[in-house]
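Visitor: I'll drop the sequence and a predicted model, then ask my questions.
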Amino acid sequence: MAKDPVRVLVTGAAGQIGYALVPMIARGIMLGADQPVILHMLDIPPAAEALNGVKMELVDAAFPLLKGVVATTDAVEACTGVNIAVMVGGFPRKEGMERKDVMSKNVSIYKSQAAALEQHAAPNCKVLVVANPANTNALILKEFAPSIPAKNITCLTRLDHNRALGQISERLNVPVSDVKNVIIWGNHSSTQYPDVNHATVKTPSGDKPVRELVKDDAWLNEEFITTVQQRGAAIIKARKLSSALSAASSACDHIRDWVLDTPEGTWVSMGVYSDGSYNVPAGLMYSFPVACKKGEWTIVQGLPIDEFSRKKMDATAEELSEEKSLAYSCLS
Ligand SMILES: NC(=O)C1=CN([C@@H]2O[C@H](COP(=O)(O)OP(=O)(O)OC[C@H]3O[C@@H](n4cnc5c(N)ncnc54)[C@H](O)[C@@H]3O)[C@@H](O)[C@H]2O)C=CC1
Ligand SMILES: O=C([O-])CC(=O)C(=O)O
């Protein structure tokens, strides 16, 4: 029997990530090749005409799984009945700007959209915040939508996770699909800590630790980390626009794994509401290693943390605490 359609909201759908993301969703890349979808697309009035153009292209592409499109500038209409909300709308970082600079423009958007989601989304709606500052926007959304369970609100660090896999794959000249279990700890910012201490590569003689294969701790502890931390800025420098196709693809990976499970023995990175695991202060939206089963993520527990990692995990937590205070000061 055919499945009922799932309603997926994409905010900022007339923007660059939106333009890459909506066809991926309509093709089944986010929710599976047998899952019909109805797309809800929200943007602001100045982008209404462009949004309508995206809707026209979705019709023209004749996607078999796409059962309907709502394109609107009304947040209530956009949020009504949605099962999944991918929050991309906001003001992006431009060359030379730090994520802090985009804070005040974005947190007020997330406060008001929290209310629309809380009141109008389907029960148990899963939320992924992509727009920067992603962790803090997600935290504000959580704080101002108290009836949505905290575990349903997440932010995107899967792009950073995938960037880390990509760097290891290139360095070792192995397929990226053979590399797994890197971790992004903390903030989606240049203080994030990409950790390879538990990552492995599939080889003909079994899974081997990345450190053993790379045999260059200096590279792993310095250049690898800064390359991943600074990748967003490097893309902006090269394209004069921030990452879009990789961000869209990673957003699909994030939701797909959350809804359809991570493979046994594999974890991914997601920004989630901290419960104090790994001595990360509770109450921050912090990226952890998570495994997903039956639509629920759980933080992978018990990984040994060395002193080098501890310092980096604490530094990114510190930045998130500062962002949280700054966000509240922007709202007051
Ligand atoms: N977490 C991550 O890994 C990544 C996050 N980003 C962030 O994603 C966001 C989107 O990036 P792009 O698509 O490149 O930006 P963009 O500027 O091309 O698109 C943003 C869209 O949001 C719309 N928008 C603005 N305010 C809105 C509101 N209140 N409600 C609904 N829509 C609204 C704009 O009109 C625009 O169409 C940015 O904040 C960017 O920094 C980008 C790459 C990776
Ligand atoms: O760096 C930016 O502003 C865009 C982004 O979040 C990324 O590419 O990781």
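Guide: That came through, no problem. Ligands and ions are numbered 1, 2, ... in the order given.

Visitor: going forward, measure contacts between C-alpha atoms and count neighbours the same way
Guide: Noted.

Visitor: Quick check: whichever residue of the stretch 51-200 of the chain sits closest to ligand 2 vs I140, distance?
Guide: The nearest approach of the stretch 51-200 of the chain to ligand 2 comes at R93, 4.6 Å away (CA to the nearest ligand atom). Distance, R93 to I140, using CA to CA, to the nearest Å: 19 Å.

Visitor: If you count surrounding residues, which of these two has more?
Guide: Comparing R93 with I140 by other CA atoms under 10 Å, the one with more neighbours is I140, at 25 against 21.

Visitor: What is the helix or strand hosting that one packed up against?
Guide: Per DSSP states H and E, I140 falls inside helix 134-143. Counting contacts by 3 or more CA pairs under 8 Å, 6 or more residues apart in numbering; DSSP states H and E, helix 134-143 is packed against helix 103-120, strand 126-129, strand 153-155, strand 285-293, helix 307-331.

Visitor: Could you verify that the residue of the stretch 51-200 of the chain closest to ligand 2 is part of a helix?
Guide: No. Under DSSP: H, G, I helix; E, B strand; the rest coil, R93 falls outside any helix and is assigned coil.

Visitor: Test my guess that it contacts N106.
Guide: No. The pair R93 and N106 does not pass the contact test of CA atoms under 8 Å, sitting 10.8 Å apart.

Visitor: Spell out which residues are contacts of both of those two.
Guide: With contacts taken as CA atoms under 8 Å, 6 or more residues apart in numbering, R93 and N106 have N132 as neighbours in common.

Visitor: Run through the residues that contact D261.
Guide: 291-295.

Visitor: can you rerun that using 10 Å?
Guide: Shown in contact with D261 (CA atoms under 10 Å, 6 or more residues apart in numbering): 255, 267, 291-297.

Visitor: what number of residues lie near the closest residue to ligand 2 within the stretch 201-332 of the chain?
Guide: Nearest residue of the stretch 201-332 of the chain to ligand 2, counting by CA to the nearest ligand atom: G232, 3.3 Å away. By the measure other CA under 10 Å, the count of residues near G232 is 21.

Visitor: Check for me that it belongs to a helix.
Guide: Yes. Counting by three-state DSSP, G232 is part of a helix.

Visitor: my guess is it meets S190, correct?
Guide: Yes. With contacts counted by CA atoms under 10 Å, G232 reaches S190, the gap being 8.9 Å.

Visitor: Could you check the helix-or-strand element of the chain with minimal mean pLDDT against ligand 1 for contacts?
Guide: When each helix and strand of the chain is scored by mean pLDDT, DSSP states H and E, helix 103-120 comes last, with a mean of 93. Yes. Where contact is defined by CA under 6 Å from any ligand atom, part of helix 103-120 touches ligand 1, namely I109.

Visitor: Check which helices and strands that helix is in contact with.
Guide: Helix 103-120 sits against helix 75-79, strand 84-87, helix 134-143, helix 307-331, with contacts defined as 3 or more CA pairs under 10 Å, 6 or more residues apart in numbering; DSSP states H and E.

Visitor: The same query, at a cut-off of 8 Å, please.
Guide: Partner elements for helix 103-120 (3+ CA pairs under 8 Å, 6+ apart): helix 75-79, helix 134-143, helix 307-331.

Visitor: for the spatially most central residue of the chain, what are its contacts?
Guide: Nearest to the mean C-alpha position of the chain, by CA atoms, centre = their mean, lies L156 at 1.4 Å. L156 makes contacts with 128-130, 134-135, 188, 250-251, 254, 270-271, as judged by CA under 8 Å, 6+ apart.

Visitor: Most widely separated two among the residues you listed?
Guide: N135 and S250 (15.6 Å; CA to CA).

Visitor: can you give me how far stretch 295-305 is from the chain middle?
Guide: Computed by CA atoms, centre = their mean, to the nearest Å, the separation of stretch 295-305 from the middle of its chain amounts to 17 Å.

Visitor: just stretch 78-92 next, same as before
Guide: That offset, for stretch 78-92, works out to 13 Å (CA atoms, centre = their mean).

Visitor: What are the contacting residues of that stretch?
Guide: 6-13, 15, 17-18, 40-43, 70-72, 102, 105-106, 109, 116-117, 120-132, 242, 251.

Visitor: Switch the helices and strands packed on helix 134-143 over to a markdown table; also include mean neighbour count and distance to ligand 2.
Guide: As requested, the helices and strands packed on helix 134-143 are exported to a markdown table (neighbours: other CA atoms under 10 Å; distance: least, CA to the nearest ligand atom, whole Å):
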| stretch | mean neighbour count | distance to ligand 2 |
| --- | --- | --- |
| helix 103-120 | 20 | 12 |
| strand 126-129 | 26 | 11 |
| strand 153-155 | 28 | 11 |
| strand 285-293 | 25 | 14 |
| helix 307-331 | 17 | 15 |
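
Visitor: is it possible to export the helices and strands packed on helix 103-120 to JSON lines including mean pLDDT and distance to G32?
Guide: Shown next, in JSON lines, are these (pLDDT from 0 to 100; distance: least, CA to CA, whole Å):
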{"stretch": "helix 75-79", "mean pLDDT": "98", "distance to G32": "22"}
{"stretch": "helix 134-143", "mean pLDDT": "97", "distance to G32": "25"}
{"stretch": "helix 307-331", "mean pLDDT": "95", "distance to G32": "34"}
